[in-house]
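Student: Everything below, folded, please.
(2 chains)
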Amino acid sequence: MMMFEHILKTLSENGKSGQAYSKVIKHSEKAMKEDSDRAAGYLLLKILADRFIEATGRMATTVTQTENEYKIFSNHVGTLSDAYIAGDPAGISDALNKVSLASLEPFDSSFSTI
Amino acid sequence: MSSDFPSRQVIAETTAKMLLEIDAVHFSADKPFTFTSGIASPVYIDCRKIISYPRIREMITNFSVSVILSEVGLEQFDAIAGGETAGIPFAAWIAAEMGLPMQYVRKKPKGFGRDAQIEGTITDNQRVLLVEDLTTDGGSKINFCNALRKAGAKADHTIVVFYYDIFEQTREKLTADGIKLHSLATWWDVLAVCKAENHFDTHTLGQVEAFLNAPLEWSGKNGGATSISI
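Tutor: Down below sits the predicted model:
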């Protein structure tokens, strides 16, 4: 799943920062159009990236917050990518549902996590 | 308000002291923070904390009005606009102090239309002062001023409580976009107070100073981005 890998690489190469998540949103929107069979998966990544930006605004994040969010995002990308590669419709549906539910998890904005 | 404006030095030093007093300033040299731009930094500031301290917010409001009146003029604005979200309370207090109407600017447009990013009443050629809590690289100020301009206003000035003053591109870009930045304090003012009053240890202050002098270099050495795009 080159598009999923590309999105994750974008996040990593841009410092896992707010600007990186903004780029993820743009890439996800582009991927939804260009790889429309997997549009639902890209939409979820867009929602997850938007969640980060909404939670942090223009504020800096701590190392712990940055790394935790990257780990969570990477896991979701892996879940979706694996399901699409396997190609089983039920598995894809399970993965989409799993990541959808995870997108409701609140961002840990506590400052004690320096 | 008295016509005897406090000096810029008094405003900067007092603002820095107030920000330190309410723990709005954090330094962490060993575990850097990540700016939205991806730059790693040992410094962090949260100006939103000011809203919870009535005496400090009143002082900040008075300082802001003083800076505007002395640097721009007494009759140069028709309205005050806050940038969503953190700029809104500061804009409200400044608008009240100056007896002017207020709007706020959304981060993103609410649908289509000329005023889609503005809440409140805005009129053609209205001279609007944009208010925000802080500016790092100036990017959001440009977006907000452009939204005000799109709605018909004249938005050529912005005031913030805190200006990072570490990226030379910031003022260049703002100037290129026809925006004059006004601020109460910078990291240099905070550092000066920290040194004078022995806040934080010398290692941390050394790292902070190294970062302020060469932010991109410090960021690169600490795993962050080495360039900035506004």
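
Student: Show the residue spans covered by the strands in chain B.
Tutor: B:25-27, B:33-34, B:40-41, B:43-45, B:79-83, B:102-105, B:118-119, B:127-135, B:154-163, B:180-186 (DSSP state E).

Student: Out of the ones you listed, flag the one nearest chain A.
Tutor: The closest of the strands of chain B to chain A is strand B:33-34. By C-beta to the nearest C-beta, the value is 4.0 Å. Where C-beta positions appear, they are placed from N, C-alpha and C, glycine not excepted.

Student: near chain A at all, the closest one?
Tutor: Yes. Using C-beta under 8 Å from any C-beta of the partner chain, strand B:33-34 reaches chain A at B:33, B:34.

Student: ok, and what's touching that strand?
Tutor: A:15-17, A:60-63, A:66, B:26, B:40-44, B:224 (C-beta atoms under 8 Å, 6 or more residues apart in numbering or on different chains).

Student: Now tabulate the strands of chain B in JSON lines and tack on mean neighbour count.
Tutor: Shown next, in JSON lines, are the strands of chain B (neighbours: other C-beta atoms under 10 Å in any protein chain shown):
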{"stretch": "strand B:25-27", "mean neighbour count": "20"}
{"stretch": "strand B:33-34", "mean neighbour count": "26"}
{"stretch": "strand B:40-41", "mean neighbour count": "26"}
{"stretch": "strand B:43-45", "mean neighbour count": "22"}
{"stretch": "strand B:79-83", "mean neighbour count": "27"}
{"stretch": "strand B:102-105", "mean neighbour count": "24"}
{"stretch": "strand B:118-119", "mean neighbour count": "20"}
{"stretch": "strand B:127-135", "mean neighbour count": "25"}
{"stretch": "strand B:154-163", "mean neighbour count": "24"}
{"stretch": "strand B:180-186", "mean neighbour count": "20"}
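
Student: okay, those strands in JSON lines with mean pLDDT next?
Tutor: Listed next are the strands of chain B as JSON lines, based on pLDDT from 0 to 100:
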{"stretch": "strand B:25-27", "mean pLDDT": "95"}
{"stretch": "strand B:33-34", "mean pLDDT": "93"}
{"stretch": "strand B:40-41", "mean pLDDT": "94"}
{"stretch": "strand B:43-45", "mean pLDDT": "95"}
{"stretch": "strand B:79-83", "mean pLDDT": "98"}
{"stretch": "strand B:102-105", "mean pLDDT": "98"}
{"stretch": "strand B:118-119", "mean pLDDT": "97"}
{"stretch": "strand B:127-135", "mean pLDDT": "97"}
{"stretch": "strand B:154-163", "mean pLDDT": "98"}
{"stretch": "strand B:180-186", "mean pLDDT": "98"}
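
Student: Please name the spatially closest residue to the residue in chain B that chain A sits nearest to (chain neighbours excluded).
Tutor: Taking C-beta to the nearest C-beta, chain A has its nearest neighbour within chain B at residue B:38, 2.6 Å off. Excluding the flanking residues, the one nearest residue B:38 by C-beta to C-beta, 6 or more residues apart in numbering or on different chains is residue A:15, at 2.6 Å.

Student: what about the chain, any weak spots by pLDDT?
Tutor: Picked chain A for this. A:1-2, A:111-114 (pLDDT under 70).

Student: Switch to chain B, please.
Tutor: Applying pLDDT under 70 to chain B flags the ranges B:1-3, B:230.

Student: Contact residues of it facing chain A?
Tutor: Checking chain B against chain A by C-beta under 8 Å from any C-beta, the hits are B:26, B:28, B:31-41, B:44, B:46, B:85-86, B:134, B:136, B:140, B:224-225.

Student: give me the beta-bridge partners of the spatially most central residue of chain B?
Tutor: Centroid-nearest residue in chain B: residue B:134, 2.4 Å away (criterion: C-alpha atoms, centre = their mean). Beta bridges link residue B:134 to residue B:162 when assigned by DSSP bridges.
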